[in-house]
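S.K.: pasting a predicted model and its sequence here:
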Amino acid sequence: MIDYKEIEAKWQKEWSDAHIFEGEVNDKEPYLVTAAWPYVNTPLHIGHLRTFGTADALARYKRMRGFNVLYPMGFHATGTPVLAFAKRIKNGDQDIVDELKVFHVPEEEIKKMTNPAYIANYFIKESGQLYQRAGFGMDMRRSFTSIDPTFSKLVEWQFGILNSKGFLTKGKHPVGWCPNENNAVGMHDTKHDVEPEIEEEIVVKFKVDGEEAYILCTTYRPETIFGVTNLFVSEKSTYVACRIGDDDKRYYISKASAGILKYQMNVEVLEEVGADKLLSKTCVNPVNGSMLPVLPGFFVKEDVGTGAVMSVPAHAPFDYAALERLRKEGRLKQEIKPIKVLDVEIGRSLSDVSVVETKPSQMDIPAFAYLEMLHTSIDAIDDMLESATKLEYREESHWGKMTVRGYEGMSEPEAREKVTGELTGKGDAFKMYVLQNAPVYCRCGYEVVVKVVENQWFINYGDKAWKTATKDVLKGMHLYPEKTRNAFDAAVDWIDLRAVARAQGLGTRFPLDSTKIIESLSDSTIYMSFYTISNLVRDVPPEKLKPEFFDFVFRNIGDADAVAKSTGIDYSLVKRCKESFEYWYRYTSRHSGPDLIYNHLTMYIYNHVAVFNKDCWPKQIAVNGFVLSEGEKMSKSLGNIVPLIDAVEKYGADPSRLNIIAGADLLNDSEYSEKAIRGIQERLEYLQDSILGLEKFESGELKRIDYWLYSKLSDKIERTTRYMDALELRSAYTNILYDSVLELRRYLARGGHNGIAVKDFLSSVVLMLQPVAPHVAEEMWHTLGNTTFVSKEKWPAESGEMRNEKVEKEEELVDSTVEDAKQVMALMRKKAGKKARRLHVIVASDWKRKLVAALVSKKDVGKALESLRGEEGVDMELAGKLAGALAKRINEITPVSTTQLEEFDGVEEAAAYISKQLECDVSVEMEQKSKSPRAGRAMPMKPSLDIELE
RNA sequence: GCGGGGGUGGCAGAGCUUGGCCAAAUGCGCAAGACUGAGGCUCUUGUGGUCUAGAACCUGCAAGGGUUCAAAUCCCUUCCCCCGCACCA
């Protein structure tokens, strides 16, 4: 048994004195590894282990390869989550208390967490300890947080540059808004943590006939305006006449919608109007002047959109149903005929036979056809109408072609864009925003609305030159895994305006408007550069960290003397900062999760391009997948988050690391599972037992199987190195852990017992184990008799000298012989009911190898046979037979490199092993000397087997 | 809808970039045996189908089609699943 706790404590203590990573400027090649810093309201869970551990493994590996590695870590504290957190504690929110208890936060600590700074400090302290417990070789001397005043100076400097380059712009922006608290609300501020999803709708103005007024209708499908037959309002609701925006026209909308719309534009209510007043009106279609009666629509809701909709009975099941119901009730005074505006193959996306066989009776009214298709009617419940609507909208949008003059053949999205442009251009329509997932409630209880914020500041990632430059940088970057490149390309392309300042939250003040705080993803795009000097400027008063200091240190502008004078910072310190930055920032590897590709990581590249000189632009990004807990996605709501400390306490740091870091390919989700960890522990114990059992072995001369072990080792080193370089940790560690155990077992089963060979093998395995399982590796290294730190050793070298393909081939031959014999024996036992007494293994004569080689090179049976004529020992008749059999696979066969003697020796040497495997006697024979009638069947690498029954 | 990723055995998950040696690594599960007082652990063997004195053959990698001597691997079409769509970390 391995006592993980004990060896972890032991080596963590030793390491703290040893300084695994030098962390200072020296003459080695630098390698800076940074991982996305954790947010300070979340205790670390095993999801963090994935990213931090992957970065740690890389850092440790690169160290062994001779680099001077720096792996620092800090903490993110800006933004609103920690504020919301404090507030919830203050309000005695039980949910959050329960969450914290999962992470073993003591009750008395929870009580104190009413102050954001306290919360931050608590988790920073806790996390720092956890980093050590997990065995991360982080340099915490450089740690800082995003709310440190010195760090704010860097952010201010960064935004000064963005501004000077014209990347900061101002405009309007819709946000989720709480009317009660007068705040923007994000996911953290809503009940049940739902993100308010904002969607654009088109509002069309319909002129009332004979009156200087308009009824406003909301729609998602403005292109169907050509099919409008009437308008619908809710007859039970109250409407208002009002002025909207800056014109002085009179508009009718529902009273409820007026209350919502006022957050998006000026709304001045003039008077209340009953629905009955509107129902008596007739409107004019702005696109074709047709007359549209206003009718009561049973499905119209006063608080959705403007509380009025345009009716397109041909293409909207609800509209069609509403009209038909009115007709049935005798309330339809005039004839209304649906107007079809687009063609689609109805039911195209359905596969259900009963549906497909349904023949709609009226193809010129798709809305009705869709109802028939779903075996329902105009009297169906809303849910049925809704699913018909969804189906119709989807198919029409996907495959529909416009039939309206001027738009013929256009797809619906195309037409939508065109019509929207025309309507808004003429002032017949405008955009409004709605919450797609309404209702959303603020934690205070009020319903969230959409507010259009004026004077919002943005970072303009849409800037053409900036985008082009960023794309260029991306092209030259290493991405792990490479297949994320598509996502990065798409992200860099897609990212456009990003709101950058908000009214609330912790962080750095926005330089162009000091009432605002810089949004918290935007203040963390170049923070990794600060690690290079954070330890040096820790005690420098923030006000001294003027832009010229950063300009000099990070951009090589100006000179040290002048900077020292103008800032009051010590000249030598200024020089050291510059030296440190320029040294460390040459090669950087950035680690993060896949959810950050579309924001943080993309912004990271953009901002480096904007701020730094070319040689400091990003070089490498590694993206790792999430961690599942026993097959489930971890989430607060499921209550299945596994705190990092739990994993480490229960299974040990190294088994957890191996499971989570090396348990899946980089970008795949890895699974935290007890069974998998147990399996890992078993392998580790096997290796340890092997080390402890070394003394039982002899030394002596190397045998064939020892050469095999060395050859396997050589292959292992070569492959693992390749895998590590590509950050394929899973492959690397199946190779090191699982395969090593299998090879050792085979070695022993084959009778291997050379202590030196096994020790050499294990030593290399332990070295390669170090990056992911540092404690266990350290312990094993010392058990092997070493006195150095394995974490400071060199990665094993592979010269290729230990490679022995011949022996490996021979071992393969042994394996396949055993396998084939087993198969045959099983059949014989089944058929004859007898067991084998003796197995004759007959290896093929050398002339057969020549035959194969000749067939491969000549690709012709006749010529190949001819080349054999006259050779010694050749049985031409047999040769002809064999050649004929091989001929049909002539393009597949490959020449065999082993000679008969080698095969013979190889099998002969393994005879005892084969005998044990098969539980019968074994004799090995040369084909030409064998008396067996089956001898002729022997082929190179495929000996003939002759089984004597008992 | 747009964008990104994916669909392989009872399950998880390799292989697909560089088409052939892939019935398909490794692990789990399951079955049999060994060990044990018993269980667990551990070890051995088996685990698509069919047949066989032979060491093989057949079928297979979401569905369909194509390119090729040869496709899980390349191309096209369709279906399905997951993730992201912003001011929020």
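M.R.: Okay, I see it.
S.K.: excluding its backbone neighbours, what's nearest the spatially most central residue of chain A?
M.R.: Of all residues in chain A, the one closest to the mean position by C-alpha atoms, centre = their mean is A:P594, 2.9 Å from it. Spatially, and ignoring its direct neighbours in sequence, A:P594 is nearest to A:V623 (5.3 Å; C-beta to C-beta, 6 or more residues apart in numbering). C-beta: built from backbone N, CA, C; applies to glycine.
S.K.: just A:E948 next, same as before
M.R.: Going by C-beta to C-beta, 6+ apart, A:E948 has A:R838 as its nearest residue, at 4.3 Å.
S.K.: and that neighbour, that's in a helix?
M.R.: No: secondary structure of A:R838, determined by DSSP: H, G, I helix; E, B strand; the rest coil: strand, with no helix assignment.
S.K.: who touches the spatially closest residue to A:T145 that is not a sequence neighbour in this structure?
M.R.: Excluding its sequence neighbours, the residue lying closest to A:T145 (C-beta to C-beta, 6+ apart) is A:F75, at 4.5 Å. Taking C-beta atoms under 8 Å, 6 or more residues apart in numbering as the definition of contact, the neighbours of A:F75 are A:37-40, A:120, A:123-124, A:127, A:143-146.
S.K.: of those residues, list those near RNA strand B.
M.R.: Restricting the contacts of A:F75 to those touching RNA strand B (C-beta under 7 Å from any atom of the strand) yields A:Y39.
S.K.: about what we covered before: and the residue nearest to the centre of chain A, how far from A:P481?
M.R.: Counting by C-beta to C-beta, to the nearest Å, the gap from A:P594 to A:P481 is 10 Å.
S.K.: please enumerate the shared neighbours of these two.
M.R.: By C-beta under 8 Å, 6+ apart, A:P594 and A:P481 have these common neighbours: A:623, A:667.
S.K.: can you confirm whether stretch A:462-474 lies near RNA strand B?
M.R.: No: on the criterion C-beta under 7 Å from any atom of the strand, stretch A:462-474 is out of touch with RNA strand B, staying 8.4 Å away.
S.K.: average pLDDT across that stretch?
M.R.: If you average the pLDDT over stretch A:462-474, you get 93.
S.K.: dump it to CSV, keeping only the CA atoms.
M.R.: This file holds the C-alpha atoms of stretch A:462-474, laid out as CSV (Å, rounded to 0.1, in the frame of the first residue of the first chain):
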residue,chain,number,x,y,z
GLY,A,462,-14.5,44.8,-35.0
ASP,A,463,-11.8,47.2,-36.0
LYS,A,464,-10.6,46.0,-39.3
ALA,A,465,-6.8,46.5,-39.0
TRP,A,466,-6.9,45.1,-35.5
LYS,A,467,-8.8,42.0,-36.6
THR,A,468,-6.5,41.4,-39.5
ALA,A,469,-3.4,41.7,-37.3
THR,A,470,-4.9,39.3,-34.7
LYS,A,471,-5.8,36.8,-37.3
ASP,A,472,-2.2,36.9,-38.5
VAL,A,473,-0.9,36.2,-35.0
LEU,A,474,-3.3,33.4,-34.5
